[in-house]
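In: Here is a sequence together with a model predicted from it:
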Amino acid sequence: MIKDVEEKFVYPSETKQLTRDWVLMTVCKRWRAYKSRLKKKYFKRKERSLQEIISDVPIGVNKHQREILVGMWCQDSHMKLCEKNSECVKQQKNPHTTGRKSHVRLQKEMEIKRKAPVHKIDLWDEAHKKKDGNYTSENVKTIMELQQTKSKEGCGNVHLPHEHVITKNVHVENNLAVQQGGPEPSLRLHQVTDQDKVEVMLYSTNLRNKDKLVAKGTLESKEKTYVVGGNMLGVQYVAVRVRGCTYLGDEKLVRPYEKFQTVRDAMGSVIAWPRSHVKIVKPTPPAQSQSIGR
């Protein structure tokens, strides 16, 4: 397959391996989709006999390979797996239409198209719409209608499905960590409010400077959907506004963007930094006034 492609197309030698991986991935995806279309159109087990299905060979399909494929579809293990998958799909109250595309990728595409940040409500709305503009289920439609009603009344946003579960787990983990004598609640997924902003220290991601301080700043957000430089944080990063640098301030950003290439370049601006290399500065209690003895 690779040989056939390289005989017809020319691509830079620097990206040879990446291009080959992309070709194989694309071919596999197209092959799965093709087999799915064949099965949907010709494999009607309840309407036709097995012999009729095997003898009805589509144009362009090898007869011998067709028999092997139909034989695999007729296996009890394969049919049980298909039935189980069908049941699981029916149990989904809020099915999405993004397939294997992650919500992070979808949000990035929406931001490029709109040339503006995308709210999580708009992202959820887009991920649960069909090509014809209709929602995937009545439950999804009800949720979005409720959201529109609340927006008009100025009552804020409706809670999306599973959002309350994430919030609940965050509080449970925080409380458990404190009860077990661990550190203060670590950097979690909820949005940081102005009152919740705290001072943090950024440590080097370079192995040569392990555990060495690079900069200090204030925590802007821990929410995984927060966007910095056009990319969402995800679960591994937090957003920090850089307030000051040490002699290691020239360390390169993990996620450079625009004109910011190093930590020093981003003084006064917000950057994404690995959650594992950020520590909260615990506020020191005010010193008690002491009288000077004679």
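Out: Thanks, I have the structure now.
In: Which stretches in this protein count as helices?
Out: 2-8, 16-42, 50-55, 63-73, 76-91, 103-114, 120-127, 138-153, 163-179 (DSSP state H).
In: How many neighbouring residues does residue 133 have?
Out: For residue 133, the neighbour count with other Cβ atoms under 10 Å is 6. Where you see a C-beta, it was placed from the backbone N, CA and C, and this is true even at glycine.
In: what separates it from residue 126, distance-wise?
Out: The gap separating residue 133 from residue 126 is 11 Å, by Cβ to Cβ, to the nearest Å.
In: hmm, back to that, tell me which of the helices of the chain is the most buried.
Out: helix 120-127 (a mean of 17; mean count of other Cβ atoms under 10 Å).
In: Can I get that helix in CSV? Just the C-alpha atoms.
Out: Extracted as CSV, the C-alpha positions of helix 120-127 are listed here (Å, rounded to 0.1, in the frame of the first residue of the first chain):
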residue,chain,number,x,y,z
LYS,A,120,-18.9,24.8,26.7
ILE,A,121,-22.6,25.1,26.1
ASP,A,122,-22.0,25.9,22.4
LEU,A,123,-19.5,23.0,22.2
TRP,A,124,-22.0,20.6,23.8
ASP,A,125,-24.7,21.8,21.5
GLU,A,126,-22.6,21.2,18.3
ALA,A,127,-21.4,17.8,19.5
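In: Could you pull up the contacting residues of the residue nearest the centre of the chain?
Out: Geometric centre of the chain, nearest residue: residue 104, 4.2 Å, by Cα atoms, centre = their mean. Residue 104 sits next to 231-232, 234 when contact means Cβ atoms under 8 Å, 6 or more residues apart in numbering.
In: what do you get if the cut-off is 10 Å, keeping everything else the same?
Out: Residue 104 is in contact with 123, 224-225, 231-234, counting by Cβ atoms under 10 Å, 6 or more residues apart in numbering.
In: Count the residues that sit near residue 278.
Out: 19.
In: That one and residue 36, how far apart?
Out: Computed as Cβ to Cβ, the residue 278 to residue 36 distance reads 45 Å.
In: same deal with residue 116?
Out: Distance from residue 116 to residue 36, counting by Cβ to Cβ: 36 Å.
In: got it, and residue 244?
Out: Distance of residue 244 to residue 36, computed by Cβ to Cβ: 56 Å.
In: so where is this structure shaky, pLDDT-wise?
Out: Confidence mapping of the chain against pLDDT under 70 gives the ranges 151-197, 284-294.
In: got the contact list for residue 42?
Out: Contacts of residue 42 (Cβ under 10 Å, 6+ apart): 48, 52-54, 56-58, 61, 66, 70.
In: Could you save those as TSV and add columns showing distance to residue 87?
Out: As requested, those are exported to TSV (distance: Cβ to Cβ, whole Å):
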residue	distance to residue 87
48	24
52	28
53	24
54	28
56	29
57	31
58	29
61	30
66	28
70	23
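In: Show the end-to-end separation of stretch 270-279, please.
Out: 16 Å (Cα to Cα, to the nearest Å).
In: Please state the offset of that stretch from the chain centre?
Out: 18 Å (Cα atoms, centre = their mean, to the nearest Å).
In: Stretch 11-25 now?
Out: On Cα atoms, centre = their mean, the centre of stretch 11-25 falls 25 Å from that of its chain.
In: Name the residues that touch that stretch?
Out: With Cβ under 10 Å, 6+ apart as the criterion, stretch 11-25 contacts 1-2, 4-6, 9.
In: How about stretch 86-102?
Out: So stretch 86-102 is contacted by 29, 103, 105-106, 108-109, 124, 126-131, 135-140, 143, 160-162, 232, 234 (Cβ under 10 Å, 6+ apart).
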